[in-house]
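Enquirer: Need coordinates for the below:
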Amino acid sequence: MRRFALLSLSLILLTSCRPHGEASVAGLPAALDAAAAGSPGEIRRMGRRGGDGAWYALAAAAEDAGLEAVARNLRLRSYRRDSDPYALRALTDLLLEDPEAVGRPLRALRRAEGDDERRREARIAVLASRGRVRALVREMEDFRGAGYEAPVLSAALRTEGATLRNLAALDRYVLHCPEPAALEFIPDEFASTLMNARRAFAAGDDSAALEGYAAWLEAAVSGGDVCDWEGIPPVFGEMAAAAGRRDRSDDWARRLFDAAAQLEGAKRYGAAYHAGRLYRDAGDRRAAAAAFLAAAGALDSGLERDRALWYRLKVMGEGGGFSAAEEAEALAWTSGSWNEPRRFADVLEEAVHRMVVREDWDGLASLHRDWGAVWPPAARARAALILAFAVGEGRLEGPRSADAYLREAAGAESLEWPVLRAAGLTERSLSIPEESEPSSVAGREDAFVRLYLRWGLVERAAQAVLSRPRDYSDAAIREVARALAPADPRRSIRIIGTLAFRDGYRPGREDLLIRHPLPMGDRAAQIARSQGLPPHLFHGLIRVESAWDAEAVSRTGAQGLAQFMPATWEEWVRRTGAPSDADPRDPELNLTLAAAYLEWLWLREWTAGWTDVLVSYNAGGGRLRSWRRQRPGFGDELFAMSLAVAEPRHYVDRVLSAATLYGYLYSGRSPGDLHRSWGLPDP
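Expert: Below is the predicted model:
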C-alpha cells in the first residue's frame, strides 16, 4: 500500500557545482533529458564518478525535474550501488511506491541497516501486497498504532478474531489513529460507531460523521467507552472541523464543553480545548476562555497544557468585556502554571500593549514585580523598558528608578528591541559570541542534505530542512542556510531562524550575519546616503520588508525590496521622473524610490523622529496623525507600544532591532552610538 502522507517537493532549477569525485554536474539537466529520451549514458557516467550517494542524488534531481521513470531507475541503482543510509532510503522509497519494485524485497529489507521505522513501514507494505497474513500478524508484537499499520491489525483480527489483545489494540487504533482513512482497512465486522464516524469524516461526509461522533461522545460520557489509553485523541479535532464546515459551531461547542466536565485526562482536554476553539470561532470569548481553562486543568504539564493556557490569554485579549482585574489574575495564574515560558512571549507583549493603552502603569509594575522573574527574557525586558519610560515621563511613581528598570531590561538574554534599546540607554555593549552555542540535536538526516548540497540540489536541501528542522543538526542547518543565501536570502533567513526554537541555543556572530545579509553590498548604503538617510536604518527596513527578496510580493500586492503598494509606486515614479513602465522588481530603482520616499516622510512637519517615519511608512501618515492625537505627550517608546494596530507596532520594533544589529555586525558600532545618531530620545 502507498504511504498515506508523502512529502511534497517543488520543482527546482538545478545549479552548477562539483561533487566529491570527478563528476561535474554542470550538465545535469541535459543528461537527465537525454536519459528520459532513452540515452542514459552520461547520467550513468556521472553516477559512477560521483562517489557514495551519487545515484541517490541523481534520482532526487530526476524527481525534481519531473522525470519519474528516470528517477525510479536511478533509485534502483542507488539501492544496489550506494551504501547506507542512501541505499536503504532508496529501497524504502521504491517499496512504498511499489511493493514489487525489487526482487525478493523482504530479503532486501532484512539485509538493510538503520532507519527501523521507515524499513518497518516498507516491510508491512510488501507483506500486505503479497497477502502474507501470518507474517503481518507477527508484526503485532511491535504494533504502535501508526496509520501504516492498519494491515497488521486487520490481519490479526481476521486470523485470531476478537482476542483481548486485538480488541484493546483496535480500541486504541480507532480512537488515536492519526489518519482516519487508514480505518478503511479494518474488517467491517469489527466496525464501531466511532470507526464509522471517522470513516465518514475521511470520506467528507460531515453530516454522517457528526451523527456518529455524537453517539460515541454520549457513550463516552456515560462510561460506555472503555478505552483509557492516554494521548490527545484526534477525534475531537475532527468533530470541531466537521461542525465548523456544517455551520454548527455553537451547538458542538456546548456539546463538547458539557462532555468535558464528565470526562477525564486526555479526553477531557480534547473535548474542552476544541470547545474553546469553536466558541472562539463563534465569537463567544468568555465561554472560550472558560473552556481553555478547563482544558489546561485536565493535564499536569506539557505542550498541550501550555497551548490551552496560551489560547485563554489570547481570547481574553480579543474582547469579551474582561476587566483589567480579570486579565491581571489570568496573567498571574498563567505565569505560575506554564511549562515553557518562551511560548507565551507574544501574548505577554499584547497584554503589556493593553496596559499601556489603559495607562495602567501601576498594574504593569505590580505584574512585573511579582511575575517578571519567570517571564521569558524579551517579555520581561519589554515590561521593564515601558516602566522606565513611564517613570521618566512622570506617569509612574514608585520605589524603582528609570535607571533600575533600564539596567534590568539591558541584562536580559535576548536581542529583541527592548533589550537593544535598553543597552543603548545604559551604554551596555552587546555580548555576542563569535560562534553560536550548539544544541543537542543529533541530526539523523544530515547525510541527505549534505549530499544534496554536494550535488547542487540546494532547493531540495532547503525544502527538507524547512519541512522537518528538528531532524537536522545545527551545523547542517547552517550549511544549508549559507548555500541558499546568495540566491534566496529570504528563505536562508527562515532556515537559520529555525535554530532559535532549540533549547539552549544562543546565536553567535556567524548566525546573525546569515540572518542579516547585505546581498547588494555597499549599494544600498550609497542610495541611503544620497538621500541623507542612516544606512543601517535603511538596511533594517529592507530586511523587515522583503528580507532582500527583489521578487517579493505580499498578500496585499506590495512588491519589491521596499514593498511598494501599486498606488504608492506609481506616485513615486511620477515624483522622481522614473520611466512610466518602471518595474518595482528592479532592485536598484526600488531602493532609490524607497529612499526618496523615506526622506520625504522625514521632512514632513507631522513626523518628529524615526518612530513616526516608520509608522507612516508602514501604516500611512493619516493614521500616524490620528494615533498621535489620541496619545498626546507620549514619548516614542510609549507611543509605539500604544499603537492600536499590531502590525505597525511590531514593525517599528523589528526595523530598529535589525538596524541596530546591522550597525553592530557590519560597522562595529554600539547600540548607544547608533541610537544617538538616529536621534532616539532618552526617558
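Enquirer: which residues touch Gly621?
Expert: Gly621 is in contact with Leu601, Arg604, Trp606, Thr607, counting by Cβ atoms under 8 Å, 6 or more residues apart in numbering. For the C-beta atoms, the positions are set from N, CA and C on the backbone; glycine is no exception.
Enquirer: so where's the longest helix in this protein?
Expert: For the chain, the helix with the greatest residue count under DSSP state H is helix 646-667.
Enquirer: Going by contacts, tell me the helices and strands next to the very next helix or strand once past it.
Expert: Using DSSP states H and E, the next helix or strand after helix 646-667 towards the C-terminus is helix 671-677. Helices and strands touching helix 671-677, by 3 or more Cβ pairs under 8 Å, 6 or more residues apart in numbering; DSSP states H and E, are helix 417-425, helix 646-667.
Enquirer: Just the C-alpha atoms of the lowest-mean-pLDDT helix or strand in the chain, please, in PDB.
Expert: Least confident helix or strand, the chain: helix 105-111 with a mean of 88, by mean pLDDT, DSSP states H and E. Extracted in PDB, the C-alpha atoms of helix 105-111 (Å, rounded to 0.1, in the frame of the first residue of the first chain):
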ATOM      1  CA  PRO A 105      12.000  -7.300  -1.300                       C
ATOM      2  CA  LEU A 106      11.700  -8.900   2.200                       C
ATOM      3  CA  ARG A 107      15.200 -10.300   1.900                       C
ATOM      4  CA  ALA A 108      16.500  -6.900   0.800                       C
ATOM      5  CA  LEU A 109      14.900  -5.300   3.800                       C
ATOM      6  CA  ARG A 110      16.300  -7.800   6.200                       C
ATOM      7  CA  ARG A 111      19.800  -7.100   4.900                       C
END
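Enquirer: Relative to the whole chain's centre, how far out is that helix?
Expert: 38 Å (Cα atoms, centre = their mean, to the nearest Å).
Enquirer: got it, and stretch 385-392?
Expert: 33 Å.
Enquirer: low-scoring stretches of this protein, by residue?
Expert: 1-24, 113-115, 224-229, 439-441 (pLDDT under 70).
Enquirer: So which residue is smack in the middle of it?
Expert: Thr498 (7.9 Å; Cα atoms, centre = their mean).
Enquirer: how far away is the closest residue to it other than its chain neighbours from Leu499?
Expert: Counting by Cβ to Cβ, 6 or more residues apart in numbering, Pro469 is the residue found nearest to Thr498 once chain neighbours are left out, at 3.9 Å. As judged by Cβ to Cβ, to the nearest Å, Pro469 and Leu499 stand 8 Å apart.
Enquirer: quick one: which of those two has more around it?
Expert: Higher neighbour count among Pro469 and Leu499: Leu499, with 23 against 19, using other Cβ atoms under 10 Å.
Enquirer: Go ahead and confirm the more buried one touches Ala475.
Expert: No - contact criterion Cβ atoms under 8 Å: Leu499 and Ala475 do not qualify, at 10.5 Å.
Enquirer: what sits against Asp98?
Expert: Per Cβ under 8 Å, 6+ apart, neighbours of Asp98: none.
Enquirer: One more: Ala87?
Expert: Tyr56, Ser78, Tyr79, Arg80, Arg81, Ala112.
Enquirer: now the residues you listed: which count as buried?
Expert: Listed as buried from the contacts of Ala87 are Tyr56, Ser78, Tyr79, Arg81, Ala112; burial here means 16 or more other Cβ atoms under 10 Å.
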